[in-house]
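**Q** 3D, please:
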Amino acid sequence: MAKPRHLFPSLLAKPLSLIPGRLHASLISNALNRLFARQIADGELDFMTGRYLQVEVMDASIRFTLCFDGRRLLAAGTGKSPDLIFRGNVHDFLLLASRKEDSDTLFFQRRLKIEGDTEMGLAIKNFLDAIEIESLPYHRLMDKFLNRGVRLYERVT
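**A** Reported below is the predicted structural model:
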């Protein structure tokens, strides 16, 4: 297996790992609820109702869990066992979010990994792949931020 090209600096990972996962999840869930408001209203995330998704950003030592209550994504406590775990490094999540790499490539190269309910994993992957970026609020600002983030990240790692 090839060594990851870009790893998050351990000097920065340590402070991030001290932030409770619930706080990471709360910040992320609030942002995703705004970002996917139309999709949530249209029922596109109903397949996640009552289920738990754990996201692990391995090189940044970040782990958080989200759940969906039928109306919004919520930060979940650590006591719940996740139905699905997504694992990857900062660089690969940035590439996925910026659409510089497609999800199939990242999964087939084992740069992003899923563990658990593969049907749920496929549904999440299909949901993300089907999103038309131009339909999202603030898509221009997001594109600019993500593209600059990828370039900066690749320069400093």
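
**Q** Quick one: residues contacting A13.
**A** 59-61 (C-beta atoms under 8 Å, 6 or more residues apart in numbering). (C-beta placed from N, C-alpha, C; glycine too.)

**Q** Okay, and it sits in which element?
**A** If you go by DSSP states H and E, A13 is part of helix 10-17.

**Q** C-alpha coordinates for stretch 33-49, PDB please?
**A** Taking Å, rounded to 0.1, in the frame of the first residue of the first chain, the C-alpha atoms of stretch 33-49 are listed here in PDB:
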ATOM      1  CA  ASN A  33     -27.800  21.300   8.300                       C
ATOM      2  CA  ARG A  34     -27.400  24.700   6.700                       C
ATOM      3  CA  LEU A  35     -25.600  23.400   3.600                       C
ATOM      4  CA  PHE A  36     -28.100  20.500   3.000                       C
ATOM      5  CA  ALA A  37     -31.300  22.300   4.200                       C
ATOM      6  CA  ARG A  38     -33.100  21.700   0.800                       C
ATOM      7  CA  GLN A  39     -32.000  18.000   0.600                       C
ATOM      8  CA  ILE A  40     -33.100  17.400   4.200                       C
ATOM      9  CA  ALA A  41     -36.400  19.000   3.500                       C
ATOM     10  CA  ASP A  42     -36.800  16.900   0.400                       C
ATOM     11  CA  GLY A  43     -36.200  13.700   2.500                       C
ATOM     12  CA  GLU A  44     -32.900  12.800   0.900                       C
ATOM     13  CA  LEU A  45     -31.300  11.900   4.200                       C
ATOM     14  CA  ASP A  46     -34.200   9.900   5.600                       C
ATOM     15  CA  PHE A  47     -32.200   6.700   5.100                       C
ATOM     16  CA  MET A  48     -30.000   7.900   8.000                       C
ATOM     17  CA  THR A  49     -32.900   8.400  10.500                       C
END
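
**Q** re the thing from before, tell me which helix or strand comes right after the helix holding A13.
**A** Counting by DSSP H and E, what follows helix 10-17 is helix 21-35.

**Q** chain center to that next one, what's the gap?
**A** How far helix 21-35 lies from its chain's middle: 10 Å, per C-alpha atoms, centre = their mean, to the nearest Å.

**Q** Not counting its own residues, what contacts it?
**A** 40, 55, 62-66, 72-78, 136-138.

**Q** Would you map the strands across this structure?
**A** Per DSSP state E, the chain carries strands over the ranges 52-57, 62-68, 73-75, 84-88, 113-116.
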